[in-house]
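1. Sequence isn't available, so here's the structure alone:
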DNA sequence: ACAAAAGTGTTCGATATACACCCATGT
DNA sequence: ACATGGGTGTATATCGAACACTTTTGT
């Protein structure tokens, strides 16, 4: 049997969250001009998935609860001339993580909206693919809720869907649909908006028995 | 920089077609007991996609027009103890290929329904994943039509969708929907059924301007 | 009083689903 | 004549989309 060609295998993570009304991606500073997605070569004794978890943890100190394989890229780009495949995962984290865990060194790790920074190699393409997948997935699952903290007002997921889908949604229709899904329950608590103005919003949480990857029935989320 | 662990990269192809009222997969004989999916290590100068095309061509003499990346499996299974990733593609071919191109050696290459043969390693899992993806994809695209020959009767796609979705569809509703898609046109020709009985069926073809990956609007195909 | 955000129902059109009979052909 | 598969339309239910006003709070 012929000796196999050496192909480098790398896992890459596209970790996304919502902040300041935009969908942002976790990036690491690569050099003065460019940023890069977190990535690593899997160790011999760890799964691909574990390698992704590890690289996210090592670089940003974040544990990602929702993580899914996106696509495997065939990268000829590599400057070293070595053949490489990038097995890309994408993940979502609640926006609250942004505030609670101060990213230690903003100059080296940060969240950016698309096109806010120049990226290395094919990383822009990867981010773009992840965003497309996420938008698509919103249409037939309730993944968007992964981006929420434990307790949230109904305005939060609505805003989030608006950001990801890139268009405004009707409040009444949105609430109707969320209600029909039957995945949320009121906590009884309320929260006043940060600026103090306006009526306080009821806080909701997931029903304990409901977890990830809820498939919506009929047609899906406000498309 | 530490030397990377050696991980073998292999592309694997799940080529499917409809025959005898069942969704079948192209398999190669591995030994007396087991069959395997076509697969190969990519050469240094070819893309992953080209490697898949090549392995299908070499093993079965088939050109696959619809081919898409399915998933990358992290296989610990490997008996040799070498770490390996399998980048799996799935493809669809028109059922007519079955008849027109006699597979040269039935004992070595053949089409099988799921569970019809024992497979090596994790190949059963791979086939299962491909079937799930295909069913899912049918619900929001018109990929099923990839499985059809150039000219076909409306009963053919209906039967095909029934086989893949695993349930019966209403003839009138199905035709209504196909019509609404506006992707087919009547050729004016007819075909009498093979056993000679029954009214001849009109033959249809794709409108020349319509090609692959038609997204269906509203909700999709008879789910 | 007013500014700001939360909350709440109804109507209309489109699509999905269920359902039964006649037509053209070969034997 | 009959068996076999092809071809056609209507009625109902559900879902998505559009749309405006009242409520609660802080200033």
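-> Structure's in. What do you need? Quick caveat: nothing in here was measured; it's all calculated off a predicted structure. Numbering: from 1, shown residues only, chains lettered A, B, ... in the order given.

2. burial measure for residue A:205, as a count.
-> Residue neighbour count, defined by other CB atoms under 10 Å in any protein chain shown, stands at 17 for residue A:205. From N, CA and C alone the C-beta is placed, and that goes for glycine too.

3. so what's it bridging to?
-> residue A:185 (DSSP bridges).

4. Helix, strand, or coil at residue A:23?
-> Assigned with DSSP: H, G, I helix; E, B strand; the rest coil, residue A:23 falls in the strand class.

5. That one contacts residue A:16, correct?
-> Yes - shown here, residue A:23 and residue A:16 form a contact pair, counting by CB atoms under 8 Å, at 5.9 Å.

6. Name the residues contacting each of the two.
-> Between them, residue A:23 and residue A:16 share these contacting residues under CB atoms under 8 Å, 6 or more residues apart in numbering or on different chains: A:131, A:134.

7. hey, where'd the strands end up in chain A?
-> For chain A, the strands defined by DSSP state E occupy A:8-19, A:22-29, A:34-36, A:39-40, A:66-75, A:84-92, A:109-113, A:118-119, A:184-191, A:201-206.

8. Of all the ones you listed, which one is nearest residue B:50?
-> For residue B:50, the closest of these is strand A:66-75, at 9.4 Å, according to CB to CB.

9. got the angle between that closest one and strand A:84-92?
-> With axes from the mean of the first three to the mean of the last three CA atoms, to 10 degrees applied, the angle from strand A:66-75 to strand A:84-92 works out at 160 degrees.

10. for stretch A:133-148, how far is the first residue from the last?
-> The first and last residues of stretch A:133-148 sit 19 Å apart, counting by CA to CA, to the nearest Å.

11. mind listing what's buried in that stretch?
-> A:133-135, A:137-138, A:140-148 (16 or more other CB atoms under 10 Å in any protein chain shown).

12. Among those residues, which are located in helices?
-> The members of these that map onto helices under DSSP state H are A:133, A:134, A:135, A:137, A:138.

13. Distance check, the last one against residue A:169.
-> Think residue A:138. 11 Å (CB to CB, to the nearest Å).

14. Grab the nearest non-local neighbour of residue A:152.
-> residue A:204 (6.1 Å; CB to CB, 6 or more residues apart in numbering or on different chains).

15. got a pLDDT number for the residue nearest to residue A:134 when sequence neighbours are not counted?
-> Once flanking residues are discounted, residue A:134 sits nearest to residue A:164: 6.2 Å by CB to CB, 6+ apart. We have a pLDDT of 89 for residue A:164.

16. can you count the residues close to residue A:164?
-> Residues contacting residue A:164 under the criterion other CB under 10 Å number 21.

17. go on, residue A:17?
-> 23.

18. Enumerate every residue touching it.
-> A:23, A:24, A:26, A:92, A:93, A:94, A:95, A:97, A:98, A:111, A:147.

19. Quick check: the gap between the first one and residue A:172.
-> So that's residue A:23. Applying CB to CB to residue A:23 and residue A:172 gives a distance of 24 Å.

20. These two: which is more packed in?
-> Between residue A:23 and residue A:172, residue A:23 has the larger neighbour count (other CB under 10 Å), namely 22 against 8.

21. Look up the residues forming beta bridges with the more buried one.
-> When assigned by DSSP bridges, residue A:23 has beta-bridge partners residue A:18.

22. wait, what's in contact with it?
-> For residue A:23, the contacting residues are A:16, A:17, A:113, A:114, A:131, A:134, A:163, A:164, by CB under 8 Å, 6+ apart.

23. try it again with 7 Å
-> With contacts defined as CB atoms under 7 Å, 6 or more residues apart in numbering or on different chains, residue A:23 is in contact with A:16, A:113, A:131, A:163, A:164.

24. correct me, but the last one touches residue A:133?
-> No - in this structure, residue A:164 is not within contact of residue A:133 by CB atoms under 7 Å, at 11.1 Å.

25. okay, residue A:82: pLDDT?
-> The score at residue A:82 is 75. That number is its pLDDT.

26. so it touches residue A:7, yeah?
-> No - applying CB under 7 Å, one finds residue A:82 not in contact with residue A:7, separated by 8.1 Å.

27. Name the residue in these two with the higher neighbour count.
-> Neighbour count, other CB under 10 Å: between residue A:82 and residue A:7, residue A:7 has more, with 20 against 12.

28. Domain ranges for chain A, per the record?
-> Domain assignment of chain A by automatic domain parsing yields the ranges A:7-137, A:143-211.

29. among the ones you listed, which is the most enclosed?
-> domain A:7-137 (a mean of 18; mean count of other CB atoms under 10 Å in any protein chain shown).

30. looking at chain A, which helix or strand is least sure?
-> Every helix and strand of chain A was ranked by mean pLDDT, DSSP states H and E. The lowest is helix A:96-100, at a mean of 61.

31. was I right about residue A:178 contacting residue A:186?
-> No - using CB under 7 Å as the test, residue A:178 is too far from residue A:186 to be in contact (11.7 Å).

32. which residues do the two both contact?
-> Common neighbours of residue A:178 and residue A:186, using CB under 7 Å, 6+ apart, do not exist here.

33. near chain B, which residues of chain A show up?
-> Within chain A, the positions near chain B by CB under 7 Å from any CB of the partner chain are A:4-5, A:7-9, A:41-44, A:47-48, A:69, A:71-72, A:74, A:83, A:85, A:87, A:219.
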